[in-house]
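A.B. asks: coordinates for the following, if possible.
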Amino acid sequence: MLAYDAIYFPADGRPPCVVSLKATPLSTSVVDQRWPFQCGCIPHPEMYMEKIAEGLVSRSWRFQIADRLDCMNRTFATPYVIFYPTVSRDGMPFRVNKCAKELHDEHFVDARAWRGDIIVAKFRDEACSSMMDASMADFPILKIWLSQRPGP
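C.D. replies: Numbers count the residues shown, from 1 in each chain. Alright, predicted model coming up:
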């Protein structure tokens, strides 16, 4: 199993921190490789997602690509993948992510809030051929990106 540093935004209001995101190498070639599997591995953000349905692996979460900020005409050289939970263990909605809520400040809308624990992985290049370690130095970019985007 591989491990990469990723940024964890806990839903309960604790400050963001760096965690070790595990990834399992793909054992077979996938015909239609889409994000985030282009790098040849399956990340496991579900390890850090509270109340997520167990045993579903990548079917219990989804992702969004963060490859530019608003008003940018070029993409990031090292894009990010934002993982968020979609299937809860008990069928109830995930709680609003307090950190993301604070970023939206007076523009916060509950119906479009980021919910649950958020994990952010970083990729080495625009083609997303491999993952790389993220650090808290990436936090300002991610903070702006999350403040510009409503939750899924």
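A.B. asks: list the buried ones in the helix ranked longest in the chain?
C.D. replies: Counting by DSSP state H, the longest helix found in the chain is helix 139-148. Using 16 or more other Cβ atoms under 10 Å as the test for burial, helix 139-148 gives F139, I141, L142, K143, W145, L146. C-betas here are computed from N, CA, C, even on glycine.
A.B. asks: hang on, the fourth one packs against D105?
C.D. replies: So the one you mean is K143. No: with contact defined as Cβ atoms under 8 Å, K143 does not reach D105; the gap is 11.9 Å.
A.B. asks: leaving out chain neighbours, which residue sits closest to S147?
C.D. replies: For S147, ignoring the flanking residues on the chain, the nearest one in space by Cβ to Cβ, 6 or more residues apart in numbering is L103 at 4.1 Å.
A.B. asks: now do the contacts for Y84.
C.D. replies: The contact partners of Y84, by Cβ atoms under 8 Å, 6 or more residues apart in numbering, come to W61, R62, F63, Q64, W114, R115, G116, D117, I118, G151, P152.
A.B. asks: Three-state assignment for it, please.
C.D. replies: Using DSSP: H, G, I helix; E, B strand; the rest coil, the structure places Y84 in strand.
A.B. asks: so for it, what's the pLDDT?
C.D. replies: According to the prediction, Y84 has pLDDT 92.
A.B. asks: and it, how far from A77?
C.D. replies: Counting by Cβ to Cβ, to the nearest Å, the separation of Y84 from A77 is 24 Å.
A.B. asks: residue ranges with poor pLDDT in the protein?
C.D. replies: Scanning the chain for pLDDT under 70 picks out 27-40, 57, 106, 126-129.
A.B. asks: let's see that with 80 instead.
C.D. replies: 1, 25-41, 55-59, 103-112, 124-130 (pLDDT under 80).
A.B. asks: quick check, the residue nearest to S147 in a helix?
C.D. replies: Yes: secondary structure of L103 (three-state DSSP): part of a helix.
A.B. asks: list the contacts of L2.
C.D. replies: By Cβ under 8 Å, 6+ apart, the contact set of L2 is K22, A23, T24, P25, C41, M131.
A.B. asks: quick check: the fourth one touching H44?
C.D. replies: No: here P25 lies out of contact with H44, judged by Cβ under 8 Å, at a distance of 12.0 Å.
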